[in-house]
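>>> using only what follows, build the 3D model:
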Amino acid sequence: MTFLTTLKSTALAGALTVSLSAMATIAAAQDSVTLKLADQFPLTHIGSRVGAQALIAELEARSDGAIQIRHFPAEQLAKASGLLDAVRNRVTDIALVGVVYNTDKLPLTSAAELPGLFEDSIAASKAFEAYIQNDLLEREYLPLGVRPLWGTVTPPYQLMMAKGEGISEISELEGVKLRVAGATGELIAKSLGAVPVKVPASDLYLGLQRGTVNGAVYNPASVFGYKIEEVLSAVSTNASLGAVAFALLVNEDVWQGLTEEQRNTIEEVAADVRLSFTEAFDAGNTKAFDKLAESGVTVFDLPAETQAQMNDMLGAVRDTWVEQVSGRGLPAQEMLDAYQARLAE
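Alright, predicted model coming up:
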């Protein structure tokens with residue numbers, strides 16, 4: 001063999017080695033992915049602990065590290081009201097989005113936040129997930145360029161007051177400034193004679209402390225993540241002031257760019273974590289009343305007559321919702337019926 005032939009063979013072997021190495025690198029890159037996940041919750045919040053943090057741990061464990069998540073909690077990438085746009089515009093790949101902050105873009109989804117529809121948040125979360133993944137996927141989510149991976153609803157919201165020991169009659173709420181998160185909360189507060197004031201959860205502590213609001217329509221399990229119990233005087237146990245729905249959304253282009261194996265893993269983990277999320281949130285809500293009492297907050301029951309009167313007044317909220325959403329040319333009654341049918345399954 002001549003020196004030139006040997007040189008050519010060596011060069012060919014080297015090129016082949018480089019090519020195979022490059023192909024292996026590409027294959028490895030296709031089998032692994034790093035995604036950004038954003039949410040509104042501080043790391044101490046129950047929604048973060050049993051939501052995003054649990055999802056990240058499970059994804060990385062079940063994929064043997066092939067699916068990595070960069071977590072941006074506590075509104076680091078966007079305010080709670082901006083998380084839907086953040087995932088639409090690829091600022092983040094995945095986001096846990098509060099529907100209450102996005103009723104303008106997700107009007108039919110907001111049916112899940114109406115008062116008096118359920119008592120069991122675990123069963124309701126299963127119904128809500130089916131509602132958004134089937135009844136609303138092509139109608140409300142894919143047109144926005146996002147896909148729901150899970151849906152959950154909180155236990156029914158309660159009445160929280162900054163002063164006093166609670167209320168015994170609804171007339172006591174006349175003119176009281178109540179914190180609400182969004183449009184549905186506004187309808188609820190108005191129906192009770194209160195003045196709704198939109199305040200994000202992250203600003204509620206200061207709002208109560210400074211008197212910007214006199215109370216709140218909020219979820220007991222969530223107060224501790226923001227230390228809101230420090231500025232509360234009383235919390236009801238048996239009001240049913242609607243709920244807040246959350247959807248874990250992934251950018252549709254990102255989703256389609258994943259391998260089938262990656263999508264399957266994410267779907268399986270999302271289903272399992274969604275269930276544990278709702279179970280933990282429900283349990284946390286029950287335990288919250290004891291923790292609030294230990295913190296010096298008065299935990300009170302509405303009298304049966306007052307509770308019945310409140311439920312009657314809140315029934316009108318659903319009618320108003322249907323009227324307002326229908327006014328936008330949307331099938332509000334049809335979709336509310338669809339959600340209630342899911343709840344009845």
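>>> switch to C-alpha atoms for all contacts and neighbour counts from now on
OK.
>>> I'd like to know which elements the biggest helix by length in the chain is packed against.
If you go by DSSP state H, the chain has its longest helix at helix 260-294. Under the contact criterion of 3 or more C-alpha pairs under 8 Å, 6 or more residues apart in numbering; DSSP states H and E, helix 260-294 touches helix 46-47, helix 53-62, helix 121-130, strand 146-153, strand 298-300.
>>> what average pLDDT does the second one get?
If I follow you right, that is helix 53-62. With pLDDT averaged residue by residue, helix 53-62 scores 97.
>>> kindly calculate the angle that it makes with helix 260-294.
For helix 53-62 against helix 260-294, the angle by axes from the mean of the first three to the mean of the last three C-alpha atoms, to 10 degrees is 150 degrees.
>>> so how far is Phe277 from the closest residue to Arg49 other than its chain neighbours?
Distances taken as C-alpha to C-alpha, 6 or more residues apart in numbering place Leu43 nearest to Arg49, at 6.6 Å, with adjacent residues excluded. Per C-alpha to C-alpha, to the nearest Å, Leu43 is found 15 Å from Phe277.
>>> these two: which has the busier surroundings?
More neighbours surround Phe277 than the other of Leu43 and Phe277, with 25 against 16 (other C-alpha atoms under 10 Å).
>>> on that earlier part again, for the helices and strands packed on helix 260-294, give me a markdown table that also has mean neighbour count and distance to Asn102.
As requested, these are arranged in a markdown table below (neighbours: other C-alpha atoms under 10 Å; distance: least, C-alpha to C-alpha, whole Å):
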| stretch | mean neighbour count | distance to Asn102 |
| --- | --- | --- |
| helix 46-47 | 22 | 18 |
| helix 53-62 | 18 | 23 |
| helix 121-130 | 23 | 16 |
| strand 146-153 | 25 | 14 |
| strand 298-300 | 19 | 31 |
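>>> if I look at the closest residue to Lys163 other than its chain neighbours, how far off is Leu192?
In space, and not counting its chain neighbours, Lys163 is closest to Ser233: 5.0 Å by C-alpha to C-alpha, 6+ apart. Separation of Ser233 from Leu192 (C-alpha to C-alpha) stands at 20 Å.
>>> returning to that earlier point: ok, which of the helices and strands packed on helix 260-294 comes nearest Val322?
helix 121-130 (17.8 Å; C-alpha to C-alpha).
>>> next, give phi and psi for the residue nearest to Lys163.
Phi and psi for Ser233, reported as degrees, to the nearest 10, are phi -110, psi -40.
>>> just list the residues touching Ala194, thanks.
Applying C-alpha atoms under 8 Å, 6 or more residues apart in numbering, we find Ala194 in contact with 173-178.
>>> how does it look with 6 Å?
Counting by C-alpha atoms under 6 Å, 6 or more residues apart in numbering, Ala194 touches 173-176.
>>> what segments of the stretch 201-345 of the chain are helices?
Taking DSSP state H, counting those that start in this stretch as the criterion, the stretch 201-345 of the chain carries its helices at 204-210, 252-257, 260-294, 304-326, 332-344.
>>> a markdown table for these, including distance to Lys79 and mean pLDDT?
Listed next are these as a markdown table, based on distance: least, C-alpha to C-alpha, whole Å; pLDDT from 0 to 100:
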| stretch | distance to Lys79 | mean pLDDT |
| --- | --- | --- |
| helix 204-210 | 14 | 98 |
| helix 252-257 | 21 | 98 |
| helix 260-294 | 22 | 96 |
| helix 304-326 | 25 | 95 |
| helix 332-344 | 28 | 98 |
